[in-house]
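Colleague: no FASTA, just this:
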């Protein structure tokens with residue numbers, strides 16, 4: 001039974017990663033912050049581990065005691081912050097400290113998967129209707145910049161550290177809160193739009209993110225790459241509102 005460590009396990013996507021790992025027969029260690037909500041981590045098969053991502057030396061000691069994990073999914077990160085520095089600390093510095101702690105403990109996994117974001121790439125190039133894997137990154141937000149910098153750090157590592165990064169687009173499903181806010185507003189008869197110009201949007205369900213992550217982890221030849229995760233469809237700006245209204249049985253707001 002392969003051992004897997006999942007950081008950010010108590011979060012929205014993290015809960016799906018943990019449940020999928022259990023379904024696929026992994027020995028699961030869920031890394032959590034002190035005081036985090038653990039309601040989705042009650043399965044007795046899950047080992048809980050408080051991992052201080054801000055303390056490299058403490059993590060190295062923990063990894064020396066836990067022993068080696070066959071696979072690591074680094075899903076913990078900051079999605080909302082008040083400054084660029086806070087994004088860089090939560091998404092870049094924590095990633096760097098985690099990797100260095102694994103190295104210093106002598107417990108480098110067979111695969112290390114970093115959950116990045118499509119925001120690290122930015123918008124589609126002017127000469128393309130779709131975002132694509134090989135485009136020049138041009139993140140538009142501090143969040144996107146921080147994810148891109150974390151990817152750059154991983155790419156700077158030598159071949160002894162087997163990393164891969166996934167870049168999910170907007171993720172939805174039970175336990176998600178941002179799109180839920182949109183749905184609650186639509187239920188009240190209100191609908192918000194993003195910007196003044198029509199946009200093309202993309203989405204992926206959290207279960208599909210988890211499924212894709214494990215297909216990648218279980219394909220050893222995929223290494224030192226960044227892969228976009230999407231349901232493969234492009235939606236117009238009004239499509240989300242129309243789908244929500246249909247599901248709620250609401251008329252045009």
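Modeller: Arrived safely, thanks for sending. Note that the structure is predicted; figures quoted are calculated from it, not measured.
Colleague: okay, CA-based contacts and neighbour counts for the rest of this
Modeller: Noted.
Colleague: Might you list the low-confidence residue ranges for the stretch 51-200 of the chain?
Modeller: Low-confidence segments of the stretch 51-200 of the chain, defined by pLDDT under 70: 125-129, 193-195, 198.
Colleague: What's the biggest helix in this structure, counting residues?
Modeller: helix 142-156 (DSSP state H).
Colleague: Describe which strands whichever helix or strand comes after that one pairs with in its sheet and in which direction.
Modeller: Downstream of helix 142-156, the first helix or strand assigned by DSSP states H and E is strand 163-168. With DSSP bridges as the test, strand 163-168 is paired with strand 111-115 (parallel), strand 226-229 (parallel).
Colleague: what about the nearest residue to residue 47 once chain neighbours are set aside, which SS state?
Modeller: Leaving aside its chain neighbours, residue 47 sits nearest to residue 29 (4.6 Å; criterion: Cα to Cα, 6 or more residues apart in numbering). Under the three-state scheme (DSSP: H, G, I helix; E, B strand; the rest coil), residue 29 adopts strand.
Colleague: what sits against residue 29?
Modeller: Residue 29 makes contact with 3, 4, 5, 6, 46, 47, 48, 49, according to Cα atoms under 8 Å, 6 or more residues apart in numbering.
Colleague: And the helices in the stretch 101-250 of the chain?
Modeller: Along the stretch 101-250 of the chain, the segments classed as helices by DSSP state H, counting those that start in this stretch run 142-156, 178-187, 206-217, 237-248.
Colleague: Looking at these, which is nearest to residue 83?
Modeller: helix 142-156 (7.8 Å; Cα to Cα).
Colleague: and the closest one, which residues are buried?
Modeller: 142, 143, 144, 145, 146, 147, 148, 149, 150, 151, 154, 155 (16 or more other Cα atoms under 10 Å).
Colleague: hey, which of the strands paired with strand 163-168 is tucked in deepest?
Modeller: Highest mean neighbour count of the strands paired with strand 163-168: strand 111-115, a mean of 24 (counted as mean count of other Cα atoms under 10 Å).
Colleague: Just give me how far it sits from the chain centre.
Modeller: Averaging C-alpha positions (Cα atoms, centre = their mean, to the nearest Å) puts strand 111-115 10 Å from its chain's average.
Colleague: Let me see the residues that make contact with it.
Modeller: Against strand 111-115 from outside (Cα under 8 Å, 6+ apart): 70-75, 161-168, 213, 217, 220.
Colleague: any chance of the strands paired with strand 163-168 in CSV, with distance to residue 180 too?
Modeller: CSV is the format used below for the strands paired with strand 163-168 (distance: least, Cα to Cα, whole Å):
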stretch, distance to residue 180
strand 111-115, 22
strand 226-229, 21
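Colleague: Out of these, the one nearest residue 205 is which?
Modeller: Across the strands paired with strand 163-168, closest to residue 205 is strand 226-229 (Cα to Cα), at 9.9 Å.
Colleague: ok, residues contacting that closest one?
Modeller: With Cα under 8 Å, 6+ apart as the test, strand 226-229 has contacts from 118, 132, 133, 164, 165, 166, 167, 168, 169, 204, 209, 212.
Colleague: Name only those of those that count as buried.
Modeller: Buried members of the contacts of strand 226-229, scored by 16+ other Cα under 10 Å, are 118, 164, 165, 166, 167, 168, 169, 204, 209, 212.
Colleague: picking that back up, so of the contacts of residue 29, which ones are in helices?
Modeller: In helices, judged by DSSP H, none of the contacts of residue 29 are found.
Colleague: taking those one by one, which sit in strands?
Modeller: Residues of these located in strands (DSSP state E): 3, 4, 5, 6, 47, 48, 49.
Colleague: partners of the fourth one in the sheet?
Modeller: Looking back up the chat, that one is residue 6. If you apply DSSP bridges, the partners that residue 6 bridges to are residue 30, residue 73.
Colleague: if I look at it, how far off is residue 186?
Modeller: To residue 186, residue 6 is 35 Å away according to Cα to Cα, to the nearest Å.
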